[in-house]
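1. Whatever this is, show me its structure:
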Amino acid sequence: MAVPFAFFVLFFAYPVAMIVGRGLREGGSWQFGRVGEVLTDPDLLHVLWFTGWQAAASTALTLLIALPGAYVFARFEFPGKGLLRAVVTVPFVLPTVVVGSAFLALVGRGGLLDDLWGVRLDTSVWVILLAHVFFNYAVVVRTVGGLWSALDPRQEEAARVLGAGRFAAWRRVTLPALAPAVAAAALMVFLFTFTSFGIVQILGGPRFATLEVEIYRQTADFLDLPTAAVLTLVQFAAVLGLLALHAWTVRRRESALKLVDASRTARRPRGAGQWALLASTLVVIAVLLVLPLVVLVERSFAGPDGYGLVFYRALQAAAGADSTFTVPPLTALWNSLAYAVAATAIAVVVGGLAAAALTRRGGRLVRGFDALLMLPLGVSAVTVGFGFLISLDEPPLDLRASWWLVPLAQALVGVPFVVRTMLPVLRAVDGRLREAAAVLGATPWQVWREVDLPLVRRALLIAAGFAFAVSLGEFGATVFIARPDQPTLPVAVARLLGRAGELNYGQAMALSTILMVVCAGALLALERVRTDRTGEF
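-> Residues are numbered from 1 along each chain as shown. Purely as a prediction, here's the structure:
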């Protein structure tokens, strides 16, 4: 536990504590009165209300749309199911700026709906809610569908034999068993939407702001650190509560159910109703998940003189006097790949050690350590990024000019995915195998190399792939610490979207398409590696 704990103290707890302390300390004394001022400001109260309201609405809408899909993937067997599962998961690993760009291309000014019917949704809250459903659809399908596929269908069939109707059998038998998974998925979606930044920053405009966006504005635009610090504490308290609820639902799901092999529960649809459900799910996936990405690609090729590679060629052009960057925009691709590889290596080492520690030990201390590892997913990435700048500025941790600053911030987001991916596999390794190897004279290093590593190799590859994808798309912290001459792809997309002009818009679409292809390629490769289709990710 020592290495992961030191990593999180130095690169998470310390920067966050520094920026909160900088905001709430003045003249050597704490200014807690600022908390009351912020929490009674009508404008900031509106931000708090909107953050909670849109997160609740996004969660309810995601469950409503995605639960039928979870059932289809859990209980039906049909051609192309594996590929479709990967397609459904692609939006989750996409950077939020790409999601925002895709919906701008679909429903924004000059988008597909605007061209065809004169309809624009980019000025309404609906586009934010739909983008959140797009992003989190896979969370529900994977979390609920993974458990649903492992529930024994004979229990519900027995209830039907005893006289219960189809709905009554589902409500009395299946729903109680699924409740922990539905609750866990709902909490995850609420957490992701409560801390939403990139999507709201691009699609929300000046009218809509979540806590995360407001923290960014107060820090970057107004340099009002006290207000940003109070909002960070509010968000931190909310996230702690959500993570505690999530841990409780996960423990219930792990301990209260008896599961079966998921490969035995799926079958071909029967009857008109089941075929209609499958067809409607395919339509939802096509319209809600695939269409925005297709429109994004189409806009990247739609130049001023017709379809072509104008915007892609412009990405290679040298920076001019009026350019958004000091380097050609395509340089951001190579920067992002290098940063993501380094961040993946850090996340795999730190997350792998953390998962091993969580496997071998128990108790409240370890449960608290597990919660600590999840905090970067919910705490303001903007706060972490700005905290890096004001805390890592003195020897021996003066990293402001270091190339490693960006990978360290990205690794914070990758570590939770490594832990969540490797932990179930490590817990499944029979401890007697390790004991037998030790009895035969193997050292601890040899035990790990000869027993654990062969069993967790696939999980390790999957964990590395997810860490690479989320590192590639990290935006909240990177927007603060990426140097102008070394931008990442998400930062480059956001800067291009923030400037007027057809060329800037087209280059943003082109860069978003490149980023989407790289992330989707990594995910499709993972789907070929993974063999276990149950669980979360």
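2. C-alpha only now, for contacts and for neighbours.
-> Will do.
3. What ranges in this protein fall below the confidence cut-off?
-> Filtered on pLDDT under 70, the chain yields the residue ranges 26-28, 205-206, 246-247, 249-264, 318-326, 361-363, 367, 378, 527-537.
4. show me where it has strands.
-> 25-26, 29-30, 302-303, 306-307 (DSSP state E).
5. Select, out of the ones you listed, the one closest to residue 465.
-> Residue 465 lies closest to strand 302-303 among the strands of the chain, at 31.8 Å (C-alpha to C-alpha).
6. how much space is there between residue 184 and residue 404?
-> As judged by C-alpha to C-alpha, to the nearest Å, residue 184 and residue 404 stand 34 Å apart.
7. One more: residue 95?
-> Counting by C-alpha to C-alpha - residue 95 and residue 404 are separated by 21 Å.
8. More neighbours: those two, which one.
-> Neighbour totals were compared for residue 95 and residue 404, and residue 95 leads with 25 against 13 (other C-alpha atoms under 10 Å).
9. Look up the closest residue to the more buried one, ignoring the ones flanking it.
-> residue 473 (4.1 Å; C-alpha to C-alpha, 6 or more residues apart in numbering).
10. burial of that neighbour, as a residue count?
-> Residues near residue 473, counting by other C-alpha under 10 Å: 25.
11. And residue 119, by the same measure?
-> There are 15 residues near residue 119, going by other C-alpha under 10 Å.
12. and the nearest residue to it once chain neighbours are set aside, what does it touch?
-> Of all residues not flanking residue 119 in the chain, residue 113 sits nearest, at 5.4 Å (C-alpha to C-alpha, 6+ apart). Residues counted as contacts of residue 113 (C-alpha atoms under 8 Å, 6 or more residues apart in numbering) are 106, 107, 119, 120.
13. and the last one, what does it touch?
-> When the contact criterion is C-alpha under 8 Å, 6+ apart, the partners of residue 120 are 107, 108, 109, 111, 113, 114.
14. In ChimeraX, how would I select just the buried ones from these?
-> To isolate the buried members of the contacts of residue 120 in ChimeraX, using 16 or more other C-alpha atoms under 10 Å:
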select :107,108,109,111,113,114
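15. before we move on, back to that, so which of the strands of the chain is nearest residue 334?
-> strand 302-303 (24.5 Å).
16. Indicate each strand paired with that closest one and its parallel or antiparallel sense.
-> Pairing partners of strand 302-303, with direction, according to DSSP bridges: strand 306-307 (antiparallel).
17. Show me the contact partners of the partner strand.
-> Here strand 306-307 makes contact (C-alpha under 8 Å, 6+ apart) with residue 301.
18. quick one, what contacts residue 218?
-> 224, 225, 227, 228.
19. Now render those as JSON lines, adding distance to residue 421 and neighbour count.
-> Shown next, in JSON lines, are the contacts of residue 218 (distance: C-alpha to C-alpha, whole Å; neighbours: other C-alpha atoms under 10 Å):
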{"residue": "224", "distance to residue 421": "39", "neighbour count": "14"}
{"residue": "225", "distance to residue 421": "36", "neighbour count": "19"}
{"residue": "227", "distance to residue 421": "37", "neighbour count": "23"}
{"residue": "228", "distance to residue 421": "33", "neighbour count": "28"}
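20. Include distance to residue 383 when you put those into CSV, please.
-> Listed next are the contacts of residue 218 as CSV, based on distance: C-alpha to C-alpha, whole Å:
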residue, distance to residue 383
224, 13
225, 10
227, 12
228, 8
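21. Looking at the residues you listed, spot the one nearest residue 78.
-> Nearest to residue 78 among the contacts of residue 218, with distances taken as C-alpha to C-alpha, is residue 228, at 50.3 Å.
22. Assess the claim that the closest one and residue 215 are in contact.
-> Yes - between residue 228 and residue 215 there is a contact at 5.0 Å, judged by C-alpha atoms under 8 Å.
23. Which residues are in contact with residue 101?
-> 202, 296, 508, 509, 512.
24. give the contact list for the second one.
-> What that stands for is residue 296. 101, 102, 103, 105, 106, 509, 512, 513.
25. Make JSON lines out of the residues you listed and add distance to residue 191.
-> Listed next are those as JSON lines, based on distance: C-alpha to C-alpha, whole Å:
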{"residue": "101", "distance to residue 191": "22"}
{"residue": "102", "distance to residue 191": "22"}
{"residue": "103", "distance to residue 191": "21"}
{"residue": "105", "distance to residue 191": "26"}
{"residue": "106", "distance to residue 191": "26"}
{"residue": "509", "distance to residue 191": "28"}
{"residue": "512", "distance to residue 191": "25"}
{"residue": "513", "distance to residue 191": "27"}
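26. So which of these belong to helices?
-> The helices, defined by DSSP state H, take in 101, 102, 103, 105, 106, 509, 512, 513 from these.
27. Closest to residue 396 out of these?
-> residue 512 (37.3 Å).
28. circling back: nearest to residue 81 among the contacts of residue 101?
-> residue 296 (24.5 Å).
29. now the closest one: how far from residue 102?
-> Distance from residue 296 to residue 102, by C-alpha to C-alpha: 5 Å.
30. and if you look at residue 7?
-> Distance from residue 7 to residue 102, counting by C-alpha to C-alpha: 35 Å.
31. and these two? which has more neighbours close in?
-> With neighbours defined as other C-alpha under 10 Å, residue 7 and residue 102 compare such that residue 102 has more, 25 against 15.
32. so who does the more buried one touch?
-> Residue 102 neighbours (C-alpha under 8 Å, 6+ apart): 292, 293, 295, 296, 509.
33. Also residue 475?
-> 95, 96, 97, 198, 490, 491.
34. The last one and residue 479 touch, don't they?
-> Just to be clear, that refers to residue 491. Yes - counting by C-alpha under 8 Å, residue 491 sits close enough to residue 479 to count as a contact (5.7 Å).
35. quick one on the thing from earlier: present the contacts of residue 102 as a markdown table; the columns should include distance to residue 154.
-> Output for these, formatted as a markdown table (distance: C-alpha to C-alpha, whole Å):
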| residue | distance to residue 154 |
| --- | --- |
| 292 | 40 |
| 293 | 40 |
| 295 | 44 |
| 296 | 45 |
| 509 | 49 |
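36. Inside helices: which ones of those residues?
-> Checking these against DSSP H, those in helices are 292, 293, 295, 296, 509.
37. now that we have those, which one has the most neighbours?
-> Neighbour-wise, these (other C-alpha under 10 Å) top out at residue 509, 30 neighbours.
38. how many neighbours does residue 302 have?
-> 16.
39. Could you count how many residues lie near the residue nearest to it when sequence neighbours are not counted?
-> The shortest distance from residue 302 to any residue other than its chain neighbours is 6.5 Å, reached at residue 308 (C-alpha to C-alpha, 6+ apart). Number of residues near residue 308 (other C-alpha under 10 Å) recorded here: 13.
40. Over to residue 308: give its phi and psi.
-> phi 180, psi -170 (degrees, to the nearest 10).
41. mind checking how far it is from residue 359?
-> For residue 308 relative to residue 359 (C-alpha to C-alpha), the value is 53 Å.
42. next one: residue 366
-> Counting by C-alpha to C-alpha - residue 366 and residue 359 are separated by 10 Å.
43. cool, and residue 182?
-> 25 Å.
44. out of those two, which sits in the more crowded spot?
-> Ranked by neighbour count (other C-alpha under 10 Å), residue 182 and residue 359 place residue 182 first, with 22 against 18.
45. which residue sits closest to the more buried one, ignoring its sequence neighbours?
-> Per C-alpha to C-alpha, 6+ apart, closest to residue 182 is residue 144, 5.9 Å.
46. and the one you found, how many residues sit next to it?
-> So residue 144, with other C-alpha under 10 Å, has 30 neighbours.
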